[in-house]
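Asker: got a structure for you, letters missing:
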């Protein structure tokens, strides 16, 4: 099944684009998606363990199921800003 993945912050910088479509097996979870991203983009592996994934408008755990044609946002930890 195909899932559109949105990248933010350092993840977007390392991958070099804002989104991509990823093929995962039917019944795949967020954990499967993160594994597929680690294989496709080794430069983001260090970020994936600390990243959060949102499906729709909610952050979800690694065992959340993906849906065909769905959209997942991968948000790495960010720092900075004004104290």
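Answerer: Yep, it's here. Since this is a predicted model, take the numbers as computed values, not measurements.
Asker: centroid-nearest residue for the chain?
Answerer: residue 74 (3.3 Å; Cα atoms, centre = their mean).
Asker: partners of that one in the sheet?
Answerer: Beta bridges link residue 74 to residue 7, residue 53 when assigned by DSSP bridges.
Asker: you'd agree it is up against residue 37?
Answerer: Yes. Counting by Cβ atoms under 8 Å, residue 37 is a contact partner of residue 74 at 7.1 Å. For glycine as for every other residue, the C-beta is placed from the backbone atoms N, C-alpha and C.
Asker: now the strands for the chain?
Answerer: For the chain, the strands defined by DSSP state E cover 2-7, 19-23, 52-55, 58-60, 71-75.
Asker: and the first one, what other elements does it pack with?
Answerer: Spelled out, that is strand 2-7. Under the contact criterion of 3 or more Cβ pairs under 8 Å, 6 or more residues apart in numbering; DSSP states H and E, strand 2-7 touches strand 19-23, helix 30-40, strand 71-75.
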